[in-house]
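# I'll drop the sequence and a predicted model, then ask my questions.
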Amino acid sequence: MNRSLRIVVVYPDLLGTYGDGGNGLVLTRRAERRGFPAELIEAASDGPLPVADVYTLGGGEDGPQVRATESLNEDGTLARAVRNGAVVFAVCAGYQIIGTTFPAADGSPVPGLGLLDVATVKGRAPRAVGEIVVDADLPGVGALTGFENHGGLTEVGPGAQPLGRVRTGVGNGDYTDGAWAGRVVGTYLHGPALARNPALADLLLRWATGEDELAPLDDYREQALRSERFEAALGRRTARGRRRVR
């Protein structure tokens with residue numbers, strides 16, 4: 001029998017602004033469809049964080065983002081889990097939280113969890129809002145589609161590497177988006193990202209299960225969504241020229 005998985009959505013009461021909790025649900029359903037028993041836990045910030053195989057963190061506003069970081073630092077479970085090989089998938093505010101520093105509402109730096117070598121500052125340009133396409137550097141993942149809504153600029157340090165190159169959109173602000181190291185992945189892609197990008201979801205599941213290959217699934221609906229979103233993103237430019245199509 002396949003090993004069971006525990007998948008935790010971290011603090012949906014604080015980091016649930018953009019529906020990124022759906023990433024945990026996507027991972028759970030894709031595991032179950034392949035015969036892996038999976039337990040999905042939505043772990044609120046008023047209790048201890050459970051030990052798990054996979055953690056997902058989502059987007060949130062400035063105040064809740066700071067409170068989530070303080071709670072996670074005090075709790076310590078997420079950092080210990082990463083040291084023990086857990087998979088982390090973090091989006092937007094969650095991506096900034098797992099980095100080394102990010103800006104508070106007034107722009108002052110807030111120490112992050114230090115699980116990924118990225119540092120974020122408040123951007124001076126207009127807020128990045130809209131469809132984004134990223135050519136991922138992760139093996140077997142290919143192009144990623146998502147929706148970004150953030151005002152931060154993120155620099156990837158030598159201890160990590162960018163998730164991929166931005167084809168259209170803003171991402172980190174330097175023609176890349178996100179970062180990854182080991183089994184920790186961060187990105188600015190909402191969507192939820194794993195609903196739009198099943199190959200990325202399956203890579204995270206391979207890491208979590210230790211399987212080199214997973215049984216294929218019928219992703220007809222997912223591929224139809226991807227085609228529609230790629231066409232929407234790549235078929236037009238904004239007047240500001242923020243979208244760069246190559």
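Happy to help now that I have it. Numbers count the residues shown, from 1 in each chain.
# so Leu27 touches Trp207, yeah?
No: the criterion here is C-beta atoms under 8 Å, and Leu27 misses it with Trp207 at 10.9 Å. C-beta here means a position set from N, CA and C on the backbone, and glycine is covered the same way.
# Comparing the two, which residue is more hemmed in?
Taking other C-beta atoms under 10 Å, Leu27 and Trp207 do not tie; Leu27 has more neighbours (27 against 18).
# contacting residues around that one?
Each residue near Leu27 by C-beta atoms under 8 Å, 6 or more residues apart in numbering is listed here: Leu5, Ile7, Ala38, Val54, Thr56, Leu194, Ala201, Leu204, Leu205, Ala208.
# Need the residues that contact stretch 197-211.
By C-beta under 8 Å, 6+ apart, stretch 197-211 touches 2-3, 5, 23, 26-27, 30-31, 36, 53-54, 87, 89, 136, 138-142, 144-146, 183, 185, 189, 191, 193-194, 212-214, 217, 219, 222, 226.
# I'd like to know which of the residues you listed are part of helices.
Secondary structure assignment by DSSP state H places Asn23, Val26, Leu27, Arg30, Ala31, Ala193, Leu194, Glu222, Arg226 of the contacts of stretch 197-211 in helices.
# Touching, the first one and Arg196? I think so.
By that I understand Asn23. No: the pair Asn23 / Arg196 is not scored as a contact, 10.2 Å apart, by C-beta under 8 Å.
# neighbour-wise, which of the two wins?
Each of Asn23 and Arg196 has its neighbours counted (other C-beta under 10 Å); Asn23 has more, 29 against 21.
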